[in-house]
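>>> Starting from these lines, generate the structure:
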Amino acid sequence: VQAQFKTLGCRMKKAGSCWNCNYGVSDKCLITPQQYIKAFKRGLENVDGDVLVLESLGSITDSKEFDDNVFKEIIRTSIENEKFKHILIETHLSQISEEIVQYIAKINNGRKQIGFEIGIEDMNPENRKLINKIGVQNNKLTEVYNMLQKYGVSLGINLIYGFPFMNEQERIE
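This next block holds a predicted model:
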């Protein structure tokens with residue numbers, strides 16, 4: 001089950017440093033925190049599945065895009081919902097703070113498998129600069145991975161295979 005929350009979009013795209021998210025972004029997002037929470041709880045009643053993916057139009061854990069208190073209520077509700085065995089949180093690598101991971105680990109208390117999902121697109125930092133300029137270095141990826149492991153939280157990485165500027169051997173490598 002994929003729950004996507006409409007927002008004004010990822011601030012990284014607005015800054016010109018990423019183009020992968022923000023599908024359907026509008027100039028105004030007038031949804032109140034209570035509307036998000038109410039709609040989410042109502043929506044959970046009508047779905048079946050054992051994996052829940054939480055995402056916004058950019059980074060759901062970015063407090064400038066999605067209210068921290070709303071996110072905390074959404075994750076708490078998700079963990080308490082008996083349908084889901086796995087909860088995945090899609091966000092940007094730079095928006096995974098130890099504070100939010102500690103909060104999630106504490107309220108989860110080992111009940112569910114929790115993971116973050118990030119779009120790195122390519123493990124070569126030079127290629128990342130060419131495709132979406134996010135500028136995230138591999139040492140930051142390692143740092144976040146190690147922090148998540150400390151709390152028993154997994155990390156899924158989305159990669160793209162086959163950029164237009166690469167030949168077949170470069171794609172395989």
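>>> quick one: secondary structure of Gln4?
Of the three states, Gln4 takes strand under DSSP: H, G, I helix; E, B strand; the rest coil.
>>> That one contacts Leu57, doesn't it?
Yes - counting by CB atoms under 8 Å, Gln4 touches Leu57, with 7.2 Å between them. C-beta: built from backbone N, CA, C; applies to glycine.
>>> These two: which is more packed in?
The neighbour comparison of Gln4 against Leu57 (other CB atoms under 10 Å) goes to Leu57, with 22 against 14.
>>> so which helix or strand takes in Gly156?
strand 154-159 (DSSP states H and E).
>>> Identify the residues contacting that strand?
88, 113-123, 141, 144-145, 148 (CB atoms under 8 Å, 6 or more residues apart in numbering).
>>> just checking, next helix/strand downstream of the strand or helix carrying Phe116?
Applying DSSP H and E as the criterion places Phe116 in strand 113-121. As assigned by DSSP H and E, the chain's next helix or strand after strand 113-121 is helix 125-131.
>>> Thr77 - how many residues pack around it?
13.
>>> With adjacent residues omitted, what lies nearest to it?
Closest residue to Thr77 apart from its sequence neighbours, by CB to CB, 6 or more residues apart in numbering: Lys41 at 6.1 Å.
>>> Quick check: that neighbour is in a helix.
Yes - Lys41 forms part of a helix when assessed by three-state DSSP.
>>> where do the helices sit along this structure?
Here the chain has its helices, by DSSP state H, at 11-14, 33-45, 68-80, 98-108, 125-131, 138-150, 168-172.
>>> any chance of those in JSON lines, plus mean pLDDT and distance to Leu52?
Formatted as JSON lines, those follow (pLDDT from 0 to 100; distance: least, CB to CB, whole Å):
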{"stretch": "helix 11-14", "mean pLDDT": "62", "distance to Leu52": "24"}
{"stretch": "helix 33-45", "mean pLDDT": "89", "distance to Leu52": "8"}
{"stretch": "helix 68-80", "mean pLDDT": "95", "distance to Leu52": "6"}
{"stretch": "helix 98-108", "mean pLDDT": "97", "distance to Leu52": "13"}
{"stretch": "helix 125-131", "mean pLDDT": "75", "distance to Leu52": "28"}
{"stretch": "helix 138-150", "mean pLDDT": "95", "distance to Leu52": "18"}
{"stretch": "helix 168-172", "mean pLDDT": "79", "distance to Leu52": "32"}
